[in-house]
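*Asks:* Could you work out the structure for the sequence below:
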Amino acid sequence: MKMKTKSLAAAGVAVLALTGGGVAIASPTPAPTASQTTVAGAGHHGDKATKGHHARNELRRALHAQWVTRKGTAFVTHDAIRGQASAVSPTSITVKAKDGVSQTYSVTSATKVRVRKDGKGTAATTASIHVGDRVAVVGSGSNTISAVHIVFRAGAPKAASAQKPG
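*Replies:* Predicted structure coming up:
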């Protein structure tokens, strides 16, 4: 049970990071130099806060990620991506990030789907997601990646081909 909680927490952190939520965790990039983190009047705690802010900003700009956790004696691979839905069905979703990376996730009855509107999240289904919607997906698996969490924004701009000419 403890490992399941850790895996769900890791998935939640990734969803928040990829959707712009306020989460601060370690950044894979080197820590900024003292000159980059100096704030007028900031002491020792100000430097730490600035580094945390830097890490949070890096995560907000993340397009896709992969990490591995340990569950008992096994290792679990997790994937996350943020971008536009390029294909959606009741059993799968494909998301394309701004850098061109595309990832397909299987959707199961265990997949949690949330829609964000006006800063709030509510339960939804994949039927509510349309091609071109902005989405963030976190999943796990080695060969076939199963979506654990899908978050999308209601009223997100559609892909250019789906928009009416101005």
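
*Asks:* Just want the phi and psi numbers for Asn57.
*Replies:* In terms of degrees, to the nearest 10, the main-chain angles of Asn57 are phi -70, psi -40.

*Asks:* Give me the neighbour count for it.
*Replies:* Residues within reach of Asn57, counting by other C-beta atoms under 10 Å, total 11. Just so you know, the C-beta spots here come from the backbone N, C-alpha and C atoms, and that holds for glycine as well.

*Asks:* What of Ser89?
*Replies:* 11.

*Asks:* isn't it right up against Ala127?
*Replies:* No - between Ser89 and Ala127 there is no contact under C-beta atoms under 8 Å: 9.6 Å.

*Asks:* roughly how far apart are Ala127 and Val135?
*Replies:* Using C-beta to C-beta, to the nearest Å, Ala127 is found at 14 Å from Val135.

*Asks:* more crowded one of the two?
*Replies:* A count of neighbours by other C-beta under 10 Å puts Val135 above the other of Ala127 and Val135, at 29 against 10.

*Asks:* Pull the contacting residues for that one.
*Replies:* Residues near Val135 by C-beta atoms under 8 Å, 6 or more residues apart in numbering: Arg82, Gly83, Gln84, Ala85, Ile93, Val95, Ile129, Ile150, Val151, Phe152, Arg153.
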